[in-house]
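**Student:** sequence and predicted structure, then a few things I'm wondering about:
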Amino acid sequence: MQQALIIGAGITGLTAARSLAEHGFQVTVLEKRDHIGGNAFDYYDNGVLVHKYGPHLFHTGKKEVADFLQRFSDFIPYSHRVLGEIDGRLVPIPFNFRSIDLLFPEREAQHLKELLTREYPDGGSVPIMELRRHPDAGVQELAEFVFRKVFYNYTKKQWGKPPEEMDASVMGRVPVRMSYDDRYFTDEFQMMPADGYTALFQNMARHENIRIRYGCDACRHIEIVEGGICFDGELWDGPVIYTGCIEELFGAEYGRLPYRSLRFELEHHHAEHVQPAVQINYPNRHTYTRTSEFKLVQKERIPDRTILMYEYPIPCGDGDIPYYPVESAESRALYERYRQRADGIPKLYPAGRLAEYRYYNMDIAVERALRLAERICS
Ligand code: UDP
C-alpha cells in the first residue's frame, strides 16, 4: 500500500487526507496542536458553539466543494450578515443602499442611490479602491466617505497598515454593493455544518486509512536531505503534503515571512442574546475589530446564556499563531525563494494558506486540496 505523509490537520490537510485515503493511500497526519481542524476548530462551551480561532462562515460558489463537505455533516442554511458601527449607528456591511438610507438624510440618500444606479445599472459589487477612482465627482465623494468610515481605520487595525499599502485583493473581499443586498457573501451555497466544524472534520478523518498523530511538531520529525525527506530518520518514499508555514521547513533561513495574528477574548453573558447580528464590526472605535456572537449562527435554543468573542489583531511574533499572510511584492519575493527550494524536493507539496502564502477562503482550500490529491494519484 502506498503511504502519504500530511503535515497539518487543518482543512487543507484533512481534505487531502480523505481524498488520498479513498484512493487507497495509507495516510499519516502530523498535527502540532492537540486537536483537529486547524483554525476552523470549534467547541461547545456550556452548550454554545464557539469558533476558537475566530469566525469561520462557510460559503462557496463551487458545487463540488459543497457536495464534498456535505458527505461528512448535515448543513444548515446560513447567510452571514454583518453590521458596522459608523457614526454611532449600526449599518449593514458590505456598504449598500440600506447603509446609505441609514446614514444620510432622505433626499440625499435618494440622490446617492439614483447616482449609483445610473453608473451601475446592473447592480453588483465594486471594490472600494476602484470606486474611489470613478470619474464622477459625486460617486468619488461617496467612495471617499465609505473609504474613511468603513475601511481606513479597520484596515489599519487589522493589518497595521493603511488600505493603500495593502494588496488590492484584500480590500476587494468586502466590496460596496450597488443594491439592497446586505449579505456578506453572494455565493450560491451559504451554509454551516449543523454540529460544527470539529464534528465535520472528525467524520472526514474517520477512515481506516487515516491516522492522526496529535501534539506532533513535524519539524522535529522530518528532515530535508539530499534526494528527499526523512521521516523519523528514514527516507520517506511517498508524497508529503506540507500545510505549515513554508519558511519553517527551512529553519526560516532567509527570514520569517510576515503574518498577522489575533488575540481573542470571550465574554459570557446571562442573556438569550446580546447583539442584533452575529458579527459587528467596529472600524473606528476600540482596539478590537469585531465582535461575534456565534450562538446566533447555530440558533441554539438556550434561553439564559450566550458568548461574545472580541477579536484583537496583533503582529505575529514568535509563538503567536499565524492567521493571515501579509501579501506584498516584498513578501511574495521572499516566499518565492522558499518555494523554489521546496519545489526542488521530490514529492513535497506545499498546500494551503500558510504553505502557499495566500489568503484562501475555506472553499478554495478544499478545492485545491482535492485537485492536489488527484494530481498525486494520477
Ligand atoms: N474590511 C474593512 N472594514 C470592514 C470589513 C473589512 O476595512 O468593516 C477590510 C479589512 O482590511 C479586512 C478585509 O477588508 O481585513 C477583509 O475582510 P474580511 O471580513 O474578509 O476578513 P476576514 O473575515 O478574512 O478576517
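**Tutor:** Yep, that arrived. Because the structure is a prediction, the values reported are computed rather than measured.
**Student:** who in the stretch 251-378 of the chain is up against the ligand?
**Tutor:** Within the stretch 251-378 of the chain, the positions near the ligand by C-beta under 6 Å from any ligand atom are 281, 283. Heads up, the C-betas are built off the backbone N, CA and C, glycines and all.
**Student:** strands along the stretch 251-378 of the chain, start to end?
**Tutor:** Ranges of strands in the stretch 251-378 of the chain, per DSSP state E, counting those that start in this stretch, are 259-269, 279-281, 290-292, 306-315, 324-325, 348-350.
**Student:** packing partners of the third one?
**Tutor:** It stands for strand 290-292. strand 279-281, strand 306-315 (3 or more C-beta pairs under 8 Å, 6 or more residues apart in numbering; DSSP states H and E).
**Student:** all the helices of the stretch 51-200 of the chain, residue numbers only.
**Tutor:** Remark: helices assigned in the stretch 51-200 of the chain by DSSP state H, counting those that start in this stretch are 63-70, 97-103, 106-119, 128-131, 137-146, 153-159, 168-171, 197-205.
**Student:** same list, the ones you listed, but as JSON lines with distance to M191, mean neighbour count and mean pLDDT please.
**Tutor:** Formatted as JSON lines, those follow (distance: least, C-beta to C-beta, whole Å; neighbours: other C-beta atoms under 10 Å; pLDDT from 0 to 100):
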{"stretch": "helix 63-70", "distance to M191": "8", "mean neighbour count": "16", "mean pLDDT": "98"}
{"stretch": "helix 97-103", "distance to M191": "24", "mean neighbour count": "19", "mean pLDDT": "98"}
{"stretch": "helix 106-119", "distance to M191": "30", "mean neighbour count": "14", "mean pLDDT": "98"}
{"stretch": "helix 128-131", "distance to M191": "28", "mean neighbour count": "19", "mean pLDDT": "97"}
{"stretch": "helix 137-146", "distance to M191": "29", "mean neighbour count": "16", "mean pLDDT": "98"}
{"stretch": "helix 153-159", "distance to M191": "26", "mean neighbour count": "19", "mean pLDDT": "98"}
{"stretch": "helix 168-171", "distance to M191": "25", "mean neighbour count": "14", "mean pLDDT": "94"}
{"stretch": "helix 197-205", "distance to M191": "11", "mean neighbour count": "22", "mean pLDDT": "98"}
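**Student:** looking at these, which is closest to the ligand?
**Tutor:** Across the helices of the stretch 51-200 of the chain, the ligand has its closest neighbour in helix 153-159 (3.5 Å, C-beta to the nearest ligand atom).
**Student:** residue with max distance from the center of the protein?
**Tutor:** Relative to the centre of the chain, the most outlying C-alpha is that of R107, 38.9 Å out, by C-alpha atoms, centre = their mean.
**Student:** what residues of the helix or strand of the chain with the lowest mean pLDDT count as buried?
**Tutor:** Lowest by mean pLDDT, DSSP states H and E among the helices and strands of the chain is helix 295-298, with a mean of 90. The neighbour-count check on helix 295-298 (16 or more other C-beta atoms under 10 Å) flags 295-298 as buried.
**Student:** kindly report the residues of the stretch 51-200 of the chain close to the ligand.
**Tutor:** Residues of the stretch 51-200 of the chain lying near the ligand (C-beta under 6 Å from any ligand atom): 84, 93, 150-151, 154-155, 158, 170-171, 173-174.
**Student:** ok, which pair from the residues you listed is furthest apart?
**Tutor:** G84 and V170 (16.9 Å; C-beta to C-beta).
**Student:** can you give me the neighbour number for R71?
**Tutor:** Per other C-beta atoms under 10 Å, the neighbour tally for R71 reads 10.
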